[in-house]
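> whatever this is, show me its structure:
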Amino acid sequence: MRIGIDARIIAYRRGGITNYIRHLLPALAALDPDTDYRVLRHRKDRTRSETAPNVRRATVWTPCHHRLERWALGVEIAPLRLDLLHSPDFIPPAFGARHFVITVHDLNFLYYPQFLTAESRRYYNDQIAWAVARADHILAVSEATRTDLIHLLGVPPEKVTTVYEGVSPAFRPLPPDETRKTLSRYGLTPGYLLFVGTLEPRKNLPGLLTAYRILLDRGETRKPLVIVGGKGWLYEEIYARVATLRLENDVRFLHEVPDEDLPAFYNGAALLVMPSFYEGFGLPALEAQACGTPVVVSDRGSLPEVAGAAAVTVNPDSPEDIAAGIARVLGDPDLQATLRAAGPAHAARFTWEQAARGTLSVYRQILAARTPTGGVPVYL
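Predicted coordinates for the structure are as follows:
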């Protein structure tokens, strides 16, 4: 078999889809050494070449999210003679391979169109219906996303398989000295409140900042709030809210934290809070749990499914409820101990090897010219 993986987005941004590709690809190559994998990388991508013997780079010029990418990418990949192309960024080309599999991470743009720029709304709304119809099969990263595809877009249930993402082994409890050494480079000491994620409207950072102000005013915490993540879009309200709430001395923004430092940030946190209005998966919650850090998440989207019972859930529409959830964890040592013990065991169920097995199963069913029977099972 010759399978292509569209990795063009790596040249443009960090984030969930980039992380998905970087971890899934080596897991697939290791699990399936007899398949010829071709990784489509944009010409601007300076990442090191693939190292597995069955993985080779194919450089392409077609940029992500271009209005002509369906056709331009099809022309570029046709000479590769791919049996199957997997598009983790969910937009497949119109032609160029025998079969197409896409991964849909979330349908945030259908639930909350106001959270996108006008240009992004036009792009996603024009593409999603065509993409799910064009694909031979769809991978969803959570049951919540699978249900959304079925109910919002009318996708036949048998055409969608849930394959959860994994947690890198790098996320684990660290020796306190190692954690402090890393944090000292950022001028931090352990014990802060932590948020990890792209600065964009659906992450509900204004709501978190309001909740944090409530906690400070009530004297329920004096811990700083550390926000780790790059600027996405429509993020101006976040900084405006910091100024309005007079939080300049209490909130720390870190936009460029290398992936290798993230485990120390989780280990050093009193808790992670993720009050998103919507998540298709919510990997930071699992990463924090793998490090033994208590987690507070919203009760929306995939977060209750992914974080499970090893988390405290809150209503993202209510800053009061977000504040109450944080205060509950901070004020209850027994609950902290329970969450710290339960988190690593829960997160250990999510591995990239399992993700690769589920993905490879779908590939093989498609290439065997059978309708996949994996629509209902969840690979975990």
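> what's the neighbour count on Arg81?
Neighbour count for Arg81, taken as other C-beta atoms under 10 Å: 12. Yep, even glycine has a C-beta here, placed from its N, CA and C like the rest.
> nearest residue to it other than its sequence neighbours?
Arg2 (6.5 Å; C-beta to C-beta, 6 or more residues apart in numbering).
> just checking, that neighbour touches Asp36?
Yes: between Arg2 and Asp36 there is a contact under C-beta atoms under 8 Å: 4.5 Å.
> just for the stretch 101-250 of the chain, where's the confidence low?
116 (pLDDT under 70).
> and the strands in this protein?
Along the chain, the stretches classed as strands by DSSP state E are 2-6, 36-42, 55-60, 82-87, 97-104, 137-140, 160-163, 192-196, 225-228, 251-254, 269-274, 295-298, 312-314, 378-379.
> tell me the angle the third one makes with strand 36-42.
Think strand 55-60. Orientation of strand 55-60 against strand 36-42 (axes from the mean of the first three to the mean of the last three C-alpha atoms, to 10 degrees) gives an angle of 40 degrees.
> mean confidence for strand 55-60?
Average pLDDT, strand 55-60: 95.
> what do you get for the shortest one?
Within the predicted structure, the mean pLDDT of strand 378-379 is 48.
> how many neighbouring residues does the residue lying closest to Pro26 once chain neighbours are set aside have?
The shortest distance from Pro26 to any non-neighbouring residue, by C-beta to C-beta, 6+ apart, is to Ala52 (6.5 Å). When counting by other C-beta under 10 Å, one arrives at 13 neighbours for Ala52.
> Ala52 reaches Asp32, doesn't it?
No: with contact defined as C-beta under 8 Å, Ala52 does not reach Asp32; the gap is 10.1 Å.
> thought Gly16 was touching His105?
Yes: the criterion here is C-beta under 8 Å, and Gly16 meets it with His105 at 6.1 Å.
> mutual contacts of these two, please.
Gly280, Phe281 (C-beta atoms under 8 Å, 6 or more residues apart in numbering).
> ok, Glu119 to Tyr192 distance?
With the distance defined as C-beta to C-beta, to the nearest Å, Glu119 ends up 36 Å from Tyr192.
> looking at these two, which is more packed in?
A direct count of neighbours by other C-beta under 10 Å for Glu119 and Tyr192 places Tyr192 higher, at 18 against 10.
> quickly list the domain ranges of the chain.
2-166+351-379, 176-347 (automatic domain parsing).
> ranges for the helices of the stretch 51-200 of the chain?
Using DSSP state H, counting those that start in this stretch, the helices of the stretch 51-200 of the chain run over residues 69-77, 108-111, 118-134, 143-153, 176-184.
> list of residues touching stretch 43-55?
7-8, 10-11, 25-26, 29-30, 32-39, 41, 56-57, 59-61.
> swap in 7 Å and give it another go.
Residues outside stretch 43-55 that contact it (C-beta atoms under 7 Å, 6 or more residues apart in numbering): 10-11, 25-26, 29, 33, 35-37, 39, 56-57, 59, 61.
> OK, contacts around the nearest residue to Val257 once chain neighbours are set aside?
By the measure of C-beta to C-beta, 6+ apart, the closest residue to Val257 outside its immediate chain neighbours is Val228, 5.2 Å from it. Val228 makes contact with Leu194, Phe195, Val196, Leu254, Val257, Phe265, according to C-beta under 7 Å, 6+ apart.
> now do the buried residues in stretch 292-311.
Judged by neighbour count using 16 or more other C-beta atoms under 10 Å, the buried positions of stretch 292-311 are 292-298, 300-308, 310-311.
> put the alpha carbons of that stretch into CSV.
In CSV, the C-alpha atoms belonging to stretch 292-311 read as follows (Å, rounded to 0.1, in the frame of the first residue of the first chain):
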residue,chain,number,x,y,z
GLY,A,292,-1.1,14.1,38.2
THR,A,293,-2.5,17.7,38.1
PRO,A,294,-6.1,18.3,39.2
VAL,A,295,-8.3,19.4,36.3
VAL,A,296,-11.4,21.7,36.1
VAL,A,297,-13.2,21.5,32.7
SER,A,298,-16.4,22.8,31.2
ASP,A,299,-19.4,20.5,30.9
ARG,A,300,-19.6,21.0,27.2
GLY,A,301,-18.5,19.2,24.0
SER,A,302,-16.1,16.3,24.5
LEU,A,303,-14.6,17.5,27.8
PRO,A,304,-16.8,15.4,30.1
GLU,A,305,-16.2,12.4,27.9
VAL,A,306,-12.4,12.8,27.6
ALA,A,307,-11.6,14.0,31.2
GLY,A,308,-14.0,11.5,32.7
ALA,A,309,-14.6,11.2,36.4
ALA,A,310,-11.1,12.4,37.1
ALA,A,311,-12.1,16.1,36.8
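> for stretch 189-197, buried residues please.
For stretch 189-197, using 16+ other C-beta under 10 Å, the buried residues are Tyr192, Leu193, Leu194, Phe195, Val196, Gly197.
> I figured the last one hits Gly230, correct?
No: Gly197 is not in contact with Gly230 according to C-beta atoms under 7 Å; the separation is 9.3 Å.
> among the buried residues of stretch 292-311, which are in helices?
The helices, defined by DSSP state H, take in Leu303, Pro304, Glu305, Val306, Ala307 from the buried residues of stretch 292-311.
> would TSV of the residues you listed with distance to Tyr235 and pLDDT be doable?
Compiled in TSV, those are given as follows (distance: C-beta to C-beta, whole Å; pLDDT from 0 to 100):
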residue	distance to Tyr235	pLDDT
Leu303	21	96
Pro304	26	96
Glu305	27	96
Val306	24	96
Ala307	25	96
